[in-house]
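Chemist: based on what follows, work out the 3D shape:
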Amino acid sequence: GSVRTDSIMVLRVEGATKSLLSIPRDLWVTNPANGQKSRINAVFQSGRDQLVKAVQSLGIPVHHYVEINFVDFARLVDAVGGIEVDFALPARDRNSGLDIPTAGTHRLSGTQGLAYVRSRHYEELKGTKWVEDPLSDLGRVARQRTFLSKLLDSITNARNPLTLLRVAGSFGGGLKLDSRLSYFDALGLAWKMRSFNPTSTTIPTRPTRAGSAEVLVLAPDAQGVLSQFG
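Modeler: All right, here's what the predicted structure looks like:
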C-alpha cells in the first residue's frame, strides 16, 4: 500500500520565540523526485528527503526532521496522562472513531487523541443535526496544531520522573530523526521549549481543481506568512 503522512508542520525556534506552521496535506506542489505536480502529502511516498525539498521549495529552510508514527503518537499522549481539549459542541467522526458526546472539556487518551487529530470528516451536533466542518482539511490542521502544542507543553513541563520515563519509553521504533539530530539532541530541544506556547498559523491557501482532484494552492497573501519562516 501507499505510505502517507498525516500531518506536516514546521517549528521555528529563535531565542524565546517559537512559531508553528501547518502545511495542508492537499497543498499542490512539484514533487522534487520526478518534477510532476502532486499533493505534498503524496511527496512523502518518494522519501523524507523529497518531502524536505518540497517544503524548502516554499522558501522555508529545514535544518532538522522528526517523524513519529501513529502508534507511538498514541503512546506519547498516554505517557503524559492524556490531553485536555475544549469542545464547543458534541463532536464525532465515524471514520476516525472520534466520539465526544457532550460539549465541554474532555481529557483525550492516546486512542481518542489520535482519532481527533486524524479526523477528516469532523462533525458537530448543532441542535438536532450533525454538521460537517466546512473548513475540511484546514479545520483539521488547526485542530492538529492546537493538540500538538498542548502535547509538547505537557512533555516539556513534566516534572515527575516517572512521567519522563514513560515519555522516553513510549517510542518503540516509530521516532525517526535526521542524521544530524540525535535522540538526546531532541530531548535537549524539548527542554529549551519549556512552557511551549508558540504562535501558530496555517499557510494561506485557496481551493482549486487539478483535473478531477480538489487541491489547495498558495493564496496571494501566503508569501507574508512564509517569509516569517524563511
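Chemist: in this protein, what helix or strand scores lowest on average pLDDT?
Modeler: helix 183-192 (a mean of 61; mean pLDDT, DSSP states H and E).
Chemist: please report phi then psi for residue 216.
Modeler: phi -120, psi 140 (degrees, to the nearest 10).
Chemist: what does the one 10 residues further on give?
Modeler: Recorded main-chain torsions at residue 226 are phi -60, psi -30, according to degrees, to the nearest 10.
Chemist: buried set for the longest helix anywhere in the chain?
Modeler: The single longest helix within the chain, with elements called by DSSP state H, is helix 137-156. Residues of helix 137-156 classed as buried: 137-155 (neighbour count, 16 or more other Cβ atoms under 10 Å). In short, each C-beta sits where N, CA and C put it, glycine included.
Chemist: now do stretch 25-36
Modeler: For stretch 25-36, a neighbour-count test (16+ other Cβ under 10 Å) marks 25-29, 31-33 as buried.
Chemist: what does stretch 128-135 give?
Modeler: In stretch 128-135, counting by 16+ other Cβ under 10 Å, buried: residue 133.
Chemist: centre of the chain to that stretch, how far?
Modeler: Mean-position distance between stretch 128-135 and its chain equals 22 Å (Cα atoms, centre = their mean, to the nearest Å).
Chemist: average pLDDT for stretch 62-77?
Modeler: For stretch 62-77, the per-residue pLDDT values average out at 87.
Chemist: from one end of that stretch to the other, what's the distance?
Modeler: The straight-line separation of the ends of stretch 62-77 (Cα to Cα, to the nearest Å) is 26 Å.
Chemist: how near is residue 228 to residue 222?
Modeler: When distance is defined by Cβ to Cβ, to the nearest Å, residue 228 is 11 Å away from residue 222.
Chemist: tabulate the CA atom coordinates of stretch 200-212 in CSV.
Modeler: These are the backbone C-alpha positions of stretch 200-212, laid out as CSV (Å, rounded to 0.1, in the frame of the first residue of the first chain):
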residue,chain,number,x,y,z
SER,A,200,0.5,29.2,15.3
THR,A,201,-0.7,29.6,11.8
THR,A,202,-1.5,27.8,8.6
ILE,A,203,-0.2,28.6,5.2
PRO,A,204,-2.9,30.7,3.4
THR,A,205,-4.3,28.7,0.5
ARG,A,206,-7.3,28.7,-1.8
PRO,A,207,-9.1,25.7,-3.3
THR,A,208,-8.8,24.8,-6.9
ARG,A,209,-9.0,21.7,-9.2
ALA,A,210,-6.2,19.8,-10.8
GLY,A,211,-8.0,17.6,-13.3
SER,A,212,-10.6,15.7,-11.2
